[in-house]
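J.: Okay, structure incoming, though there's no sequence with it:
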């Protein structure tokens, strides 16, 4: 499986908050808070300054892989490095910004949930860097000593792969985005021996075997005729929310985002919009991947008519490196270390994985990529932006409704909308309360019958 030639344009964004019972939406341009949930959301901390409008030089942090290996999708600004300690606020969006933009109940949900991150190679400074990020933004520490942070090799042992500074930046981005969306979550970092699909897929299986119900994957490559077999070996895990970046090459489909069992996550450009109800605005990011799979069967939740097979993506969130997120990585790569600004759909996949965790444990027999489609009204619709040219325009151009560019039913460009499914956690609490009342009633009747 080789990486397709990079193509720039293709927005898709959707940050979805998935609920245990199916509340995630698929659409590249959908970002939304559930109706009536505003009163239950914690007030967001004052967001940091909006990233500068000036255009920044960027690069992909991973080298172009050899044939048979996959590409990570992290994009870093090359002109925005800040030292480890400057006394100021790092450039790029921080946790308060992201929680505000997507109305995430991050301060009240996610406790006890484990989000797994699967990447290739080792970042030796992962735990220290993760906690430097969290300390900067006032988030609780997440350490191995407390049981919050765990790092294992691809088979679950303490034997770790060789270090790689490029993939290390990907790891740092993933850890920080899970922390930003779900600061109360535990984090399991699974480091594959290499970026082959077999090793990364083994890492996914290990994450699930170790109990993770949310697994983030920020890598991909071109589709191949054998991918449905790979699906069965590594990505078919009912009851587990597996998020996968849709790619940063514009219009076109990457694997494993194309898998019918995963939530394919596209990307948007996110900017502050003073004077609007939401306070933010999004457009499809031209670099995000989307399109129609050549091999994957269409999931039942997808009903679009311009693609007879699996449509990508399902949801989207911020991914444009020009409106990027703050990340801390003390390990130098290409002369950069300290506070950096990142983008790429690599930022969106872990952000969405953390959002799923805020909503609660998925039902055992379900595939959480269907959740967004069942709750489209809870997503924000991204209605502008494009990532290329295509015969079925909704696959590459955002518009009202679902477009695959930003996704979820809102596929902004399929209307791949950038969607954030909010209110899922509230719905889950209501379900728990109803179950508790039912159980209490049954116990009361039992006592009455045996008096």
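T.: Here it is on my side, so go on. From a predicted model like this one, the values you see are computed outputs, not experimental measurements. Numbering: from 1, shown residues only.
J.: Let's verify the one residue sitting closest to the centre of the chain: helix, strand, or coil?
T.: Nearest to the mean C-alpha position of the chain, by CA atoms, centre = their mean, lies residue 349 at 2.1 Å. Using DSSP: H, G, I helix; E, B strand; the rest coil, the structure places residue 349 in helix.
J.: That one and residue 386, how far apart?
T.: 21 Å (CB to CB, to the nearest Å). For every residue, glycine as well, the C-beta is placed using N, CA and C.
J.: likewise residue 80?
T.: Taken as CB to CB, the span from residue 80 to residue 386 is 26 Å.
J.: Show me which of the two is the more surrounded one.
T.: Between residue 80 and residue 386, counting by other CB atoms under 10 Å, residue 386 is the more crowded of the two (25 against 22).
J.: Count the neighbours of the residue lying closest to the more buried one once chain neighbours are set aside for me.
T.: If the residues on either side of it in the chain are set aside, residue 386 comes closest to residue 397, at 4.4 Å by CB to CB, 6 or more residues apart in numbering. Around residue 397 there are 31 other residues, counting by other CB under 10 Å.
J.: Can you check the pLDDT for residue 397?
T.: At residue 397, the model reports a pLDDT of 92.
J.: Kindly report the same for the one 4 residues further on.
T.: At residue 401, the pLDDT value in this model is 68.
J.: And the one 3 residues further on, by the same measure?
T.: Residue 404 carries a pLDDT value of 47.
J.: Stretch 270-283: how far from the chain's middle?
T.: Between the centre of stretch 270-283 and the centre of its chain there are 20 Å (CA atoms, centre = their mean, to the nearest Å).
J.: circling back: wait, doesn't the residue nearest to the centre of the chain sit right on residue 243?
T.: Yes. Applying CB atoms under 8 Å, one finds residue 349 in contact with residue 243, separated by 4.5 Å.
J.: Return every residue with contacts to both of these two.
T.: Counting by CB atoms under 8 Å, 6 or more residues apart in numbering, the residues touching both residue 349 and residue 243 are 216-217, 265.
J.: So which of these is surrounded by the most neighbours?
T.: residue 265 (41 neighbours).
J.: Quick check: that one vs residue 218, distance?
T.: 9 Å.
J.: what do those two both touch?
T.: Here residue 265 and residue 218 share the contacting residues 244-245, 345, 349, scored by CB under 8 Å, 6+ apart.
J.: Show me those residues that map onto strands.
T.: Applying DSSP state E to the shared contacts of residue 265 and residue 218, the entries found in strands are 244-245.
J.: I'd like the shared contacts of residue 265 and residue 218 laid out as TSV, including pLDDT and distance to residue 57.
T.: Output for the shared contacts of residue 265 and residue 218, formatted as TSV (pLDDT from 0 to 100; distance: CB to CB, whole Å):
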residue	pLDDT	distance to residue 57
244	98	27
245	98	22
345	98	19
349	98	24
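J.: Most neighbours among the shared contacts of residue 265 and residue 218, which one?
T.: The most crowded member of the shared contacts of residue 265 and residue 218, judged by other CB under 10 Å, is residue 345 (39 neighbours).
J.: and the closest residue to that one other than its chain neighbours, what is it in contact with?
T.: Of all residues not flanking residue 345 in the chain, residue 245 sits nearest, at 3.7 Å (CB to CB, 6+ apart). Contact analysis of residue 245 by CB under 8 Å, 6+ apart lists 73, 217-220, 254, 257, 265, 289, 344-346, 348-349.
J.: same thing but at 7 Å, please
T.: Residues near residue 245 by CB atoms under 7 Å, 6 or more residues apart in numbering: 73, 217-220, 257, 265, 345-346, 348-349.
J.: next one: residue 204
T.: 118, 215, 217, 234-235, 242.
J.: is it fair to say it lies in a strand?
T.: No. When three-state DSSP is applied, residue 204 is found to be helix, with no strand at that position.
J.: Let me know the pLDDT of it.
T.: 98.
J.: again, but for residue 89
T.: On the pLDDT scale, residue 89 gets 89.
J.: where's it relative to residue 96, distance?
T.: Residue 89 sits at a distance of 10 Å from residue 96 (criterion: CB to CB).
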